[in-house]
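Peer 1: have a look at this prediction, sequence included:
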Amino acid sequence: MNPDTSLSQIASTKRITIYRDMVLIAAGFFALIPLLAIHRVTDFMIFCIFVMSFDLLYGYMGRLSFGQMLYLGTGVYVSTLFSLHFSPNPILSLMAGVVGGAIVAGILGLIVVGLEGASFALTNLAFNQVGFFLIGSAFQRVTHGEDGISAGVEPWGFLDFANEPAAFGFVLLCLLFTFFMLRILTSSPFGIIIRSIKENESRVKFLGYNTFFYKWLTFVLAGAFAALAGTLYTLYVGFVSPVFIHPLNNVEVIFAALIGGAGNLFGALIGGVLFMSMKDSLSTHIPQWEWILGVLLLVIVFWLRGGVTGLIKSLTGYVKTKMAKGMAEEVEKG
Amino acid sequence: MLNVDGINAGYGRAMVLHDVSLKLKEGETVFIVGRNGAGKTTLLRTICGLMKPVQGTIDYRDENILGLAPEKLAQKGFRFVAQDKKVFSDLTVRGNIELAAYAAGEPISKAIEKVTSIYPDIKRFMDSKAGGLSGGQREILLIGRALIGDPRLFLIDEPTEGLAAIVIEDIFRILSRLKEDNVSALIVEQNLSVVSRLADRIFIMKEGKIIREISEKSEMADTLALESYL
């Protein structure tokens, strides 16, 4: 959604545009199947949900968190333990994971959303580190620590994650649901308020908004959607280990959001797919492939601040200007 | 209406305001005049809750408002228009107005009418990005936006700073309109032509202190004498 659109226009954005975008996204992921294996596309989509959750926090609200893995990991472990100890139903496990992620984000959000800049980023990292320690060491008897633990999810009706097309379809539905919800949210007055907080929080306060509440709610929603991605890993992979909550993996989601272009849901999707593609292809051909990501990040920071979507916007703007100039010259000649 | 009493405030250990006291009556337009670094902006920032004084009290309608968050003050009718003329640059002019209307719970049409009533020309820019407006237009948008809801007290920091003479007249006209509407205003201003034509009272600040209060019309009209304080 173009940020310069007025609130009333945004609020009345026709749902049809969102549905059109959703069809495009679904078609895009279907088109990837012949290029990659279907299980890799499913993996990509789960990661894209995670990137969208991070983008809500960073791209839209301007808060860079180094701890988003905590919420993905909470979703992973809550859904796994729920499936083992309460019900093997995948939908109930998914719901438990999402609620778990939202609750943890709700509690920690009360502490972190009052912070800004490096304090916000590092406090989130610290909480992520604590979560990693709890899962990997302190609660080892329950989580099996580094050894990992198998989820107890069983097939439910058509929903059988051992069946790759069924898993693909379900994850695609979850991705489209996430896109739809975040698109509605970021296009609403709420979305405009969080974007304005990113631009100038003091001014938003002076208009009478309780910015703490809006930041907290955004933090909780970002945590819940990250947990959704986590629960999908549980359902799809069936075996979880502390790698799903490891603080170092925050780098991946940050890279993906920056590559795609922050503050844009399409950017999150493009970044997610590009990052996963690079990770897949580079890691098989180049040892210590991560240095290439480092170089790419430098390119983005210095020359491509808007990421791929920013580059596309600039190019279309350039072409449009060129075409308009060409037409004007023709009219003059004519 | 507003009673600032014995305020001491600053940045860290560097105290900027020293025992500052002033009173503002309902419907008054009061100006604060002084050289750069006199503490005028710090005083406004302290009153509107951006800075916490180390000493002193601030009462608004007999209620102690010290320590109240800016959003609470906004709900009480405080409107702060900062010096930097920063609007929400990624939103349109309409978006900026609507953002304020949502906060104040005011119908959007009424909010837009309020802003266009003080500056009809802004209609032309309604759907343009606010970041593309000139400095003067941005200041007018900020003052217009502050009219939304139920404003009781305007705190305006250097509204005419860096603006062309013709735009200053627009700002003057808008401030006159506020005065006619009996809206209370505490304004930091260096343009003595504007000050002398609008002020009910003037406070002169120097080195973090209020050194004089001028309420005589003849004295306020004497811009040459006032200039000696700048």
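Peer 2: Good, I have the coordinates.
Peer 1: quick one: find the helix or strand in chain B with the lowest mean pLDDT.
Peer 2: Lowest mean confidence among the helices and strands of chain B (mean pLDDT, DSSP states H and E): helix B:223-227, at a mean of 77.
Peer 1: helices or strands up against that helix?
Peer 2: Helices and strands touching helix B:223-227, by 3 or more CB pairs under 8 Å, 6 or more residues apart in numbering or on different chains; DSSP states H and E, are helix B:192-198. Every C-beta, even on glycine, is put in place using the N, C-alpha and C of the backbone.
Peer 1: so what does the helix it packs on touch, helix or strand wise?
Peer 2: Taking 3+ CB pairs under 8 Å, 6+ apart as contact, the helices and strands that helix B:192-198 lies on are strand B:29-34, helix B:165-180, helix B:217-221, helix B:223-227.
Peer 1: quick one: residues in contact with stretch B:86-99.
Peer 2: Contacts made with stretch B:86-99 from outside it, assessed by CB atoms under 8 Å, 6 or more residues apart in numbering or on different chains, are listed as A:3-8, A:189, A:192-193, A:195-196, A:199-200, A:203-204, A:207, B:108, B:111-112, B:115, B:122, B:125-131, B:133, B:138, B:141-142, B:144-145, B:148.
Peer 1: buried ones among those residues?
Peer 2: Buried positions within the contacts of stretch B:86-99, assessed by neighbour count (16 or more other CB atoms under 10 Å in any protein chain shown), are A:3-7, A:189, A:192-193, A:195-196, A:199-200, A:203-204, A:207, B:108, B:111-112, B:115, B:122, B:125, B:129-130, B:133, B:138, B:141-142, B:144-145, B:148.
Peer 1: quick one: is the helix or strand where residue B:42 lies near chain A?
Peer 2: Applying DSSP states H and E as the criterion places residue B:42 in helix B:40-47. No: using CB under 8 Å from any CB of the partner chain, helix B:40-47 stays clear of chain A, with a minimum separation of 10.1 Å.
Peer 1: coming back round to it: buried ones in the least confident helix or strand of chain B, by neighbour count?
Peer 2: For helix B:223-227, burial by neighbour count (16+ other CB under 10 Å) applies to residue B:226.
Peer 1: again with stretch A:310-326
Peer 2: Counting neighbours by 16+ other CB under 10 Å, one finds that the buried residues in stretch A:310-326 are residue A:310.
Peer 1: quick one: distance of that stretch to the chain centre.
Peer 2: 29 Å (CA atoms, centre = their mean, to the nearest Å).
Peer 1: alpha carbons of it, as CSV, please.
Peer 2: Backbone C-alpha positions of stretch A:310-326 (Å, rounded to 0.1, in the frame of the first residue of the first chain) are rendered in CSV as follows:
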residue,chain,number,x,y,z
GLY,A,310,12.7,-0.3,-3.8
LEU,A,311,14.8,-1.0,-6.9
ILE,A,312,11.7,-2.1,-8.8
LYS,A,313,9.9,1.1,-7.8
SER,A,314,12.8,3.3,-8.9
LEU,A,315,13.1,1.5,-12.2
THR,A,316,9.3,1.8,-12.9
GLY,A,317,9.5,5.5,-11.9
TYR,A,318,12.4,6.0,-14.3
VAL,A,319,10.7,4.3,-17.2
LYS,A,320,7.5,6.2,-16.6
THR,A,321,9.3,9.5,-16.6
LYS,A,322,11.2,8.6,-19.8
MET,A,323,8.0,7.6,-21.5
ALA,A,324,6.2,10.8,-20.4
LYS,A,325,9.1,12.8,-21.7
GLY,A,326,9.1,10.9,-25.0
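Peer 1: can you list the residues that contact that stretch?
Peer 2: The list of residues contacting stretch A:310-326 from outside it, by CB under 8 Å, 6+ apart, reads A:261, A:267, A:304, A:306.
Peer 1: mean confidence score for it?
Peer 2: Predicted confidence along stretch A:310-326 averages 87 (mean pLDDT).
Peer 1: about what we covered before: tell me the angle the helix holding residue B:42 makes with strand B:29-34.
Peer 2: Relative orientation of helix B:40-47 versus strand B:29-34 (axes from the mean of the first three to the mean of the last three CA atoms, to 10 degrees): 130 degrees.
Peer 1: packing partners for the helix or strand that comes right after helix B:40-47?
Peer 2: Along the chain past helix B:40-47, the next helix or strand (assigned with DSSP H and E) turns out to be strand B:55-60. Contacts defined by 3+ CB pairs under 8 Å, 6+ apart place strand B:55-60 against strand B:2-11, strand B:14-24.
Peer 1: buried residues in the strand or helix carrying residue A:214?
Peer 2: With secondary structure defined by DSSP H and E, residue A:214 is part of helix A:211-237. For helix A:211-237, a neighbour-count test (16+ other CB under 10 Å) marks A:211-212, A:214-237 as buried.
Peer 1: ditto for stretch A:36-50
Peer 2: A:36, A:38, A:41-50.
Peer 1: same question for stretch B:201-216.
Peer 2: Residues of stretch B:201-216 classed as buried by neighbour count (16+ other CB under 10 Å): B:201-205, B:208-210, B:214.
Peer 1: ok, the residue of the stretch 201-334 of chain A found nearest chain B - contacts?
Peer 2: Among residues of the stretch 201-334 of chain A, the one nearest chain B by CB to the nearest CB turns out to be residue A:208. It sits 3.7 Å away. By CB under 8 Å, 6+ apart, the contact set of residue A:208 is B:71, B:74-75, B:103-104, B:149.
Peer 1: quick check: of those residues, which has the highest neighbour count?
Peer 2: Of all the contacts of residue A:208, the highest neighbour tally under other CB atoms under 10 Å in any protein chain shown goes to residue B:74, namely 26 neighbours.
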